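Student: structure for the following, please:
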Amino acid sequence: MARKQRRFTVFSLSFLDIMSCGFGATVLVFMLIHHSTLDRSDDINAELLIELQQLEEQIERDREFLITSEQQIQSADTQIIELQARVSQILEETGKARDELADRNEMTMAQRESVERMMADIRALEARARRLEGAAEEKRLAQLEARSFLGTGSRQYLTGLRLGGRNILIMLDSSASMLDSTLVNIIRRRNMPLERKLEGPKWQRSVQTVEWLLTNLPETADFQVYHFNETAGPVIDASEGRWFAANDEQQIAQVASALRQLDPGNGTSLINALSVIGDMDPMPDNIILITDGLPTIGVTPNNRRTISARNRLRLFRRALDELPFGIPVNTILMPIEGDPAAASQYWRLAMVTGGSFMSPSRDWP
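Tutor: Sure thing, here's the model as predicted:
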């Protein structure tokens with residue numbers, strides 16, 4: 001059998017064609033890869049821009065915080081400097097106060113020694129006075145009869161009241177509360193004419209008490225009479241700083257006349273009354289205080305119509321700071337209702353100062 005002849009194909013791929021196809025594929029692949037790279041680069045740049053913007057905002061906030069912190073630091077430094085100056089000032093004042101306290105303690109010790117010496121001298125003088133008392137009794141009684149004061153009651157003296165001293169200061173409370181013993185009668189009487197006000201039994205007793213004291217002072221003593229309400233001053237005008245002789249009958253009569261013309265009114269300021277003592281020269285060595293209770297106002301009046309017992313006690317203790325050291329205070333209390341603490345406080349004052357305290361009956365003097 002004859003062999004079948006194979007067909008010859010004219011179509012064939014040359015080397016150039018193969019190379020062209022490969023180059024085209026390479027170009028296509030490069031184009032595809034380059035496009036995806038651009039897209040990815042745009043995404044990365046956008047993210048970087050956002051992150052960069054956030055960083056710039058954070059830097060701006062940090063810069064503002066830094067400026068604020070620097071301002072706060074400067075303010076803190078200024079406050080520290082001021083506090084250091086204040087601490088230095090306080091330390092300096094503390095040193096001065098410590099020095100003053102040391103000086104005051106030394107002065108207090110010196111005063112105590114002086115008081116002890118004075119007490120020794122007083123005891124010696126008292127012993128001598130007792131020895132001379134028998135011989136001088138008749139003469140003293142004759143002099144007292146010449147200057148006698150007769151009250152409406154049966155009592156002519158107060159047991160325990162200390163009338164001794166070289167300079168005796170009598171202080172009379174002339175506030176509105178001295179018009180009567182009850183609040184209702186005080187309010188009613190303070191609105192009366194002056195003549196009716198002065199007829200008040202309690203005020204009459206107070207004035208008569210001062211007159212009794214004036215007639216029973218030691219002959220060798222000097223005296224002064226002050227009255228006080230919201231302010232304090234002598235009964236005789238323009239006699240501040242003066243002392244009158246206890247044996248000057250004309251002067252005693254002048255003081256008694258001035259007492260009868262006083263117009264009781266306003267509140268009671270004990271601190272103003274005691275503060276005038278330090279201005280007297282010489283200062284008194286015996287104080288006789290005639291009052292009806294604890295103070296109702298301080299240095300200046302207030303607009304309150306009522307005052308609590310606690311505040312009255314606070315005003316009383318504050319007033320005692322003005323009392324000079326070493327002067328005995330003898331209190332004659334004319335009680336008023338609604339002030340139960342007055343008796344105990346004035347009794348304590350008598351114990352502390354070496355004075356006396358009493359509340360006489362209504363028929364005295």
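
Student: that's a helix at Q224, yeah?
Tutor: No: going by DSSP: H, G, I helix; E, B strand; the rest coil, the assignment for Q224 is strand, not a helix.

Student: over to M19: give its phi and psi.
Tutor: phi -70, psi -40 (degrees, to the nearest 10).

Student: correction: the previous question concerned F244.
Tutor: According to degrees, to the nearest 10, F244 has phi -110, psi 150.

Student: next: L320.
Tutor: According to degrees, to the nearest 10, L320 has phi -70, psi -20.

Student: check P324 too.
Tutor: Backbone geometry at P324, expressed as degrees, to the nearest 10, gives phi -60, psi 150.

Student: OK, contacts around it?
Tutor: By CB atoms under 8 Å, 6 or more residues apart in numbering, the contact list for P324 reads 277-278, 283. (C-beta placed from N, C-alpha, C; glycine too.)

Student: got it, and P282?
Tutor: 167, 243.

Student: go on, Q111?
Tutor: So Q111 contacts 325-326 (CB under 8 Å, 6+ apart).

Student: do the same with G267
Tutor: Counting by CB under 8 Å, 6+ apart, G267 has contacts 175-176, 229-230, 295-297, 301.

Student: most neighbours among those residues, which one?
Tutor: P295 (27 neighbours; other CB atoms under 10 Å).

Student: I'd say that residue and N272 touch.
Tutor: No: using CB atoms under 8 Å as the test, P295 is too far from N272 to be in contact (9.1 Å).

Student: pLDDT score assigned to D180?
Tutor: For D180, the model assigns a pLDDT of 84.

Student: please name the nearest non-neighbouring residue to it.
Tutor: Spatial nearest neighbour of D180, chain neighbours left out: I186 (4.8 Å); criterion: CB to CB, 6 or more residues apart in numbering.

Student: helix or strand: which one has the one you found?
Tutor: helix 183-190 (DSSP states H and E).

Student: and for E126?
Tutor: Going by DSSP H and E, E126 is part of helix 15-146.

Student: pLDDT averaged over that helix, what's the number?
Tutor: 73.

Student: the helix or strand that comes right after it packs against which elements?
Tutor: Next in sequence after helix 15-146, counting helices and strands by DSSP H and E, comes strand 167-173. The contact analysis (3 or more CB pairs under 8 Å, 6 or more residues apart in numbering; DSSP states H and E) places strand 167-173 against helix 201-215, strand 222-228, strand 286-291.

Student: re the thing from before, tell me the buried residues in the helix holding I186?
Tutor: Using 16 or more other CB atoms under 10 Å as the test for burial, helix 183-190 gives 186, 189-190.

Student: output the helix or strand following that helix as CSV - backbone C-alpha positions only.
Tutor: Heading C-terminal from helix 183-190, the first helix or strand you meet, by DSSP H and E, is helix 194-198. What follows is helix 194-198 as a C-alpha-only set of coordinates in CSV (Å, rounded to 0.1, in the frame of the first residue of the first chain):
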residue,chain,number,x,y,z
LEU,A,194,-36.3,113.1,134.1
GLU,A,195,-37.8,113.9,137.4
ARG,A,196,-39.8,110.7,137.5
LYS,A,197,-36.8,108.7,136.3
LEU,A,198,-34.6,109.9,139.1
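
Student: buried residues in helix 194-198, which are they?
Tutor: Buried-residue list, helix 194-198, by 16+ other CB under 10 Å: 197-198.

Student: mind checking how far that helix is from the chain centre?
Tutor: Remark: helix 194-198 is offset 38 Å from the chain centroid, using CA atoms, centre = their mean, to the nearest Å.

Student: out of the helices and strands packed on strand 167-173, indicate the one that is most buried.
Tutor: Burial of the helices and strands packed on strand 167-173 is given as mean neighbour count (mean count of other CB atoms under 10 Å); strand 286-291 ranks first at a mean of 24.

Student: run through who's touching that strand.
Tutor: The contact list for strand 286-291, computed with CB under 8 Å, 6+ apart, reads 161-165, 167-173, 178, 206, 209-210, 213, 268, 270, 277, 327-334, 346, 355.

Student: can I get the helices and strands packed on strand 167-173 in CSV with distance to L16?
Tutor: Formatted as CSV, these follow (distance: least, CB to CB, whole Å):
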stretch, distance to L16
helix 201-215, 148
strand 222-228, 139
strand 286-291, 141
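
Student: nearest to T78, out of those?
Tutor: Nearest to T78, of all the helices and strands packed on strand 167-173, is strand 222-228, at 51.6 Å by CB to CB.

Student: can you name every helix or strand that the following helix or strand past the closest one contacts?
Tutor: Following strand 222-228 in sequence order, the next helix or strand is strand 232-234 (DSSP H and E). In this structure, strand 232-234 packs against strand 222-228, helix 270-275, with contacts taken as 3+ CB pairs under 8 Å, 6+ apart.

Student: farthest-separated two in the contacts of G267?
Tutor: Using CB to CB, those span at most 13.1 Å, a distance reached by A176 and P295.
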